[in-house]
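S.K.: Predicted structure and sequence below. I'll ask about it afterward.
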2 protein chains.
Amino acid sequence: MANIQDVAALAGVSVATVSRVLNNSTSVVPGTRDRVLSAIRELNYNPNLTARNLRRAQTKMVLVLLPTVANPFYSRIVKGMEDIAHKNGYNVMLCNTNSDPAREKVYLELLKNRLADGAVLMSSDFETEYLMELGSIWPIVQCCEYNENTTLSRISINNEQAAYKAVEHLTKLGHKRIGMISAKNNFISTALREKGYKRALSDAGIALDPGFIMYGDYGYKSGLRLTTQLLSLENPPSALFAISDMMAIGGIKAAIQKGFSIPDDFAAVGFDNISFSSMYSPALTTISQPKYDMGCVAMELLLKGISGEETMQKTIVLEHELIIRESTVN
Amino acid sequence: MANIQDVAALAGVSVATVSRVLNNSTSVVPGTRDRVLSAIRELNYNPNLTARNLRRAQTKMVLVLLPTVANPFYSRIVKGMEDIAHKNGYNVMLCNTNSDPAREKVYLELLKNRLADGAVLMSSDFETEYLMELGSIWPIVQCCEYNENTTLSRISINNEQAAYKAVEHLTKLGHKRIGMISAKNNFISTALREKGYKRALSDAGIALDPGFIMYGDYGYKSGLRLTTQLLSLENPPSALFAISDMMAIGGIKAAIQKGFSIPDDFAAVGFDNISFSSMYSPALTTISQPKYDMGCVAMELLLKGISGEETMQKTIVLEHELIIRESTVN
DNA sequence: AATATGTATGTAATTGATTACATTAATTAT
DNA sequence: ATAATTAATGTAATCAATTACATACATATT
């Protein structure tokens, strides 16, 4: 493994000149430049980025913390983030936290160890104080989920309004008995979606039945279980609003297993528009978040923070969309 | 940001002693040790891993190259890899290559830049020579897919046998007209699965109809399109073997759209047993690969390679399993 | 008491780059 | 022809750690 000294020796120049050619920082006469370049080629030299990073006090690496890449919701977002990062010479380190606070912390502390220049949080259980402290030293942006007590930049959709629109779609179809399956977590989106659900019911003149709201986690199994329970009620709901597509799909599967026909006997709306939703039979009505764009914007914001271009807190809200498919209308 | 010098100064010792406490390499008397420890706490000191890595000539980082995390097939594998890596103090850098040779190369060359200690390849278009050259310097293991001309370690299932079993399942159910949807790529698994398909037909005394094998990519849309074509044949197949679950699901959707009833009019077998397969309606019959274990074993092999414990080429074949669900039998 | 051994700690080299500052050579101005 | 300016390149400090080697002191051995 050749280093910059070897290249300098072979080219008959100093390491400074090699470095200049490497970074074309100052002008080097074509002759020397060529000699350096061919020495590089001959020795198959690649700069040691660890050394460069140490000297430059930067890593060109950013962290992206998310619960799990297994949830397809994240993959488009991540793609957006990666595209922007790569375009700017940054690499992305995807961190699966499994929503485990200990793991979250381990990853985020890589900032302290100077292994990354900044981080995007896609969901986290960090305390406000801790986040603010780290955020005062390193750029951190929150994407989709956020702790509203921090002054960190964030990017999301209007979850309350989106949920309202989803439930309104059901009430307009004539549904009066609408269940909701939600999650027991302290995500801001969860609370807001529940709020939107309630407002939509209220605006449609439907009394809220607390027994119609069930709690699990974000997953398919949870949706299957909770919906099975809802459908076992004496007077079960005719429609369902789920806070994730995975849960909605679980709900539909439960209804199918009970012999319901969809959407005639039972309608369902999900949230996220993961790729799977359109593949499912019946295809799922859902709220689409501009996932790719969210990823792009979040990363752009982060990189601006890193370069010092943008230091003010920004709160960006992107547009969502109701996508109507077979799970609510024929 | 305090550095080791600051800690040494505050504790009234030399940097060497601080380093000793940090790595508890040599014994330090409890008194000094405590002074160092409290200086570290007081200054909120965190070692700069870039400097450490430069000095130690290691990064405690490994690359995992895969086409895309959007394919849920990879998520369990990645989980296994991460678990093993973390247990050994390594971090994983997930690299979405989108099967783009240029991106693949960019990522793998991070090895040359000393930003990672080794790599797992989950699919790649690298030339044998290039791979061998890099592999002679850095530990590289191949997982699931592999270039059989290299002497790199690899871990996979027996794809030929697995495909055989899948198709045999269909012939045993009485199917005589079995289509296959495959992909145009040069993955070894693709070739082997096709081989298994052909052998199973042959063993069942069924003549191969070349028009029954269609090629697309690994995805859902491809499966939908190709199966629509197959079902439009004058004498369409009554069953389908797809080289991925995503394709199989596309195939089922196509059949449903054509009004077929599954599995009575049309049966389908997939490959991979992604989480989605059991959620789908109908649930998908498929070949299950021990994804988590494959990830674990691949990472263990890689880490052994990095530590120099294991330098011989290893070829590990793990067991697969046919999982029978609603898409082939009621 | 003199010597040998061992333990705790310090000094300074090292890792591989970047870069401030110094030097040299070439060009331009007078 | 000489001084001033500019351009190209070199020297050595720097980043923040680890670690080989040196040193000082305490304890053990004879």
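M.R.: Alright, I've got the coordinates.
S.K.: Could you show which parts of chain A are in contact with DNA strand D?
M.R.: Within reach of DNA strand D by CB under 7 Å from any atom of the strand, chain A has these residues: A:12-17, A:20, A:26-29, A:31-33, A:51, A:54-55, A:57. For every residue, glycine as well, the C-beta is placed using N, CA and C.
S.K.: Separate out the buried members of those.
M.R.: A:13, A:17, A:20, A:28, A:32-33, A:51, A:54 (16 or more other CB atoms under 10 Å in any protein chain shown).
S.K.: By pLDDT, give me the weakest of the residues you listed.
M.R.: Note: of those, the lowest pLDDT belongs to A:Val28, at 89.
S.K.: any idea whether that one is helix, strand or coil?
M.R.: Here A:Val28 is coil, with the state taken from DSSP: H, G, I helix; E, B strand; the rest coil.
S.K.: Quick one: the helices in the stretch 51-200 of chain A, in order.
M.R.: With DSSP state H, counting those that start in this stretch as the criterion, the stretch 51-200 of chain A has helices at A:73-87, A:101-108, A:128-137, A:159-172, A:188-203.
S.K.: Tabulate the ones you listed (CSV), appending distance to chain B.
M.R.: Below are the helices of the stretch 51-200 of chain A laid out as CSV (distance: least, CB to the nearest CB, whole Å):
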stretch, distance to chain B
helix A:73-87, 4
helix A:101-108, 8
helix A:128-137, 8
helix A:159-172, 21
helix A:188-203, 21
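S.K.: tell me the secondary structure for A:Val317?
M.R.: Assignment for A:Val317 (three-state DSSP): strand.
S.K.: okay, now it: neighbour count?
M.R.: Other residues near A:Val317 number 12, with proximity taken as other CB atoms under 10 Å in any protein chain shown.
S.K.: Please point out which parts of stretch A:306-322 sit buried.
M.R.: Buried-residue list, stretch A:306-322, by 16+ other CB under 10 Å: A:306, A:310, A:316, A:320, A:322.
S.K.: Show me the beta-bridge partners of A:Met180.
M.R.: A:Met180 has these beta-bridge partners by DSSP bridges: A:Ile213, A:Phe241.
S.K.: Kindly provide the distance from it to B:Tyr292.
M.R.: Note on A:Met180: its distance to B:Tyr292, by CB to CB, to the nearest Å, is 33 Å.
S.K.: Who has more neighbours out of these two?
M.R.: A count of neighbours by other CB under 10 Å puts A:Met180 above the other of A:Met180 and B:Tyr292, at 26 against 16.
S.K.: Regarding the nearest residue to A:Asn330 once chain neighbours are set aside, what is its secondary structure?
M.R.: Closest residue in space to A:Asn330, ignoring its immediate chain neighbours: A:Pro263 at 6.6 Å, by CB to CB, 6 or more residues apart in numbering or on different chains. Three-state call for A:Pro263 (three-state DSSP): coil.
S.K.: A:Pro263: what's it in contact with?
M.R.: By CB atoms under 8 Å, 6 or more residues apart in numbering or on different chains, the contact list for A:Pro263 reads A:282, A:326-330.
S.K.: ranking the residues you listed by neighbours, who comes first?
M.R.: A:Ser327 (27 neighbours).
S.K.: is it true that that residue touches A:Ala255?
M.R.: No: with contact defined as CB atoms under 8 Å, A:Ser327 does not reach A:Ala255; the gap is 9.6 Å.
S.K.: what sits in contact with each of these two?
M.R.: Common neighbours of A:Ser327 and A:Ala255 (CB under 8 Å, 6+ apart) are A:262, A:268.
S.K.: returning to that earlier point: taking the buried residues of stretch A:306-322 one by one, which sit in strands?
M.R.: Residues of those located in strands (DSSP state E): A:316, A:322.
S.K.: How about residues contacting stretch A:69-77?
M.R.: If you take CB under 8 Å, 6+ apart as the criterion, stretch A:69-77 is touched by A:66-68, A:78, A:94, A:96, A:122, A:143-144, A:218, A:244-246, A:272, A:274-276, A:291-292, A:294-295, A:298, B:68-70, B:72, B:74-76, B:78-79, B:94, B:275.
S.K.: what about the nearest residue to A:Gln142 once chain neighbours are set aside, how many neighbours?
M.R.: Spatial nearest neighbour of A:Gln142, chain neighbours left out: A:Arg154 (4.1 Å); criterion: CB to CB, 6+ apart. As a burial measure, A:Arg154 scores 24 neighbours (other CB under 10 Å).
S.K.: one step back: in strands only, show me the buried ones among the residues of chain A next to DNA strand D.
M.R.: Per DSSP E, strands hold no members of those.
S.K.: measure stretch A:114-134 end to end?
M.R.: 12 Å (CA to CA, to the nearest Å).
S.K.: Now that stretch: buried residues?
M.R.: By 16+ other CB under 10 Å, the buried positions in stretch A:114-134 come out as A:114-124, A:126, A:131-132, A:134.
S.K.: cool, and stretch A:92-105?
M.R.: Residues of stretch A:92-105 classed as buried by neighbour count (16+ other CB under 10 Å): A:92-97, A:99, A:103-104.
S.K.: That one: how far from the chain's middle?
M.R.: Mean-position distance between stretch A:92-105 and its chain equals 13 Å (CA atoms, centre = their mean, to the nearest Å).
S.K.: And it, end to end?
M.R.: 18 Å.
S.K.: By proximity to DNA strand C, which residue of the stretch 201-330 of chain A wins?
M.R.: Nearest residue of the stretch 201-330 of chain A to DNA strand C (CB to the nearest atom of the strand) works out as A:Ser307 at 14.5 Å.
S.K.: which residues touch the host helix or strand of A:Val7?
M.R.: Counting by DSSP states H and E, the element that carries A:Val7 is helix A:4-11. The contact list for helix A:4-11, computed with CB under 8 Å, 6+ apart, reads A:14-15, A:17-19, A:22, A:32, A:35-36, A:38-40, A:42-43, A:45, A:47.
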